[in-house]
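In: Predicted structure and sequence below. I'll ask about it afterward.
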Amino acid sequence: VVLEDADLPLAVEATVQGAFASTGQRCTATSRAIVVDAVAERFVELLLARAKQIKVGDGLLPETYVGPSVDPGQLRTVLEYIEIGKKEGAKLLLGGARLAGGIYDKGYFVAPTIFDHVRAESRLAQEEIFGPVLSVIRVKNFEEALQAANSVKYGLSSSIYTNDASRMFEFVDRIETGITHVNSP
């Protein structure tokens, strides 16, 4: 959750790390960024700029940020969810395809993918993908952000980005996740 008073560069870097490191294949990967409308345009602008810098490739190389999907089945699953996102009307901003050519032909590589204007109740936002796919959900305010954050059955982890201590504590009290991070991925 990114509120209007958040440190946006910090929130963007953490979102990129959470969504794309480990190729999104971990149980605490960031799959949704719930962003208050007041800062959504700027957040998405910064997010796209940062995500375009990501190096996809051999996961054993230090310059690689996103490696391959674990197997052909997971590759299919990720690509199916990308198609679901398109059909649901989410706006594809980046990626959305299997990478091909060179090293990419020797693995199961999916381009880091960002959807914007994702509905909180959509399959893309509600189901676990385990791939480098991020959904940006825009909300009006803190209350709507909290409602969207609590709208999934998978409540393993969450993060909130804000400088307002009272909203931090309210979020921690009301969020339905096992762990909550404040201003960290």
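Out: Structure's in. What do you need?

In: can you confirm residue 93 is in a strand?
Out: Yes. With DSSP: H, G, I helix; E, B strand; the rest coil as the criterion, residue 93 is located in a strand.

In: Against residue 12, how distant is the residue lying closest to it once chain neighbours are set aside?
Out: Distance criterion Cβ to Cβ, 6 or more residues apart in numbering; nearest residue to residue 93, sequence neighbours excluded, is residue 114 at 4.7 Å. (Each C-beta comes from the backbone N, C-alpha and C, glycine too.) In this view, residue 114 and residue 12 are 11 Å apart by Cβ to Cβ, to the nearest Å.

In: Against the centre of the protein, work out the most remote residue.
Out: Outermost residue of the chain with respect to the C-alpha centroid, by Cα atoms, centre = their mean, is residue 102; its distance is 27.1 Å.

In: now do the same end-to-end measure for stretch 177-185.
Out: Terminal residues of stretch 177-185 are spaced 14 Å apart (Cα to Cα, to the nearest Å).

In: Contacts for it next, please.
Out: Residues outside stretch 177-185 that contact it (Cβ atoms under 8 Å, 6 or more residues apart in numbering) are 6-7, 10, 14-15, 17-18, 28, 30, 149, 155-162, 168, 171-172.

In: Buried only: go through these for me.
Out: 6, 14-15, 17-18, 28, 30, 149, 157-162, 168, 171 (16 or more other Cβ atoms under 10 Å).

In: now, which of those lie within helices?
Out: 14-15, 17-18, 149, 168, 171 (DSSP state H).

In: Mind putting these into JSON lines with pLDDT and distance to residue 122?
Out: Output for those, formatted as JSON lines (pLDDT from 0 to 100; distance: Cβ to Cβ, whole Å):
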{"residue": "14", "pLDDT": "97", "distance to residue 122": "23"}
{"residue": "15", "pLDDT": "97", "distance to residue 122": "19"}
{"residue": "17", "pLDDT": "95", "distance to residue 122": "24"}
{"residue": "18", "pLDDT": "94", "distance to residue 122": "20"}
{"residue": "149", "pLDDT": "97", "distance to residue 122": "15"}
{"residue": "168", "pLDDT": "97", "distance to residue 122": "28"}
{"residue": "171", "pLDDT": "98", "distance to residue 122": "23"}
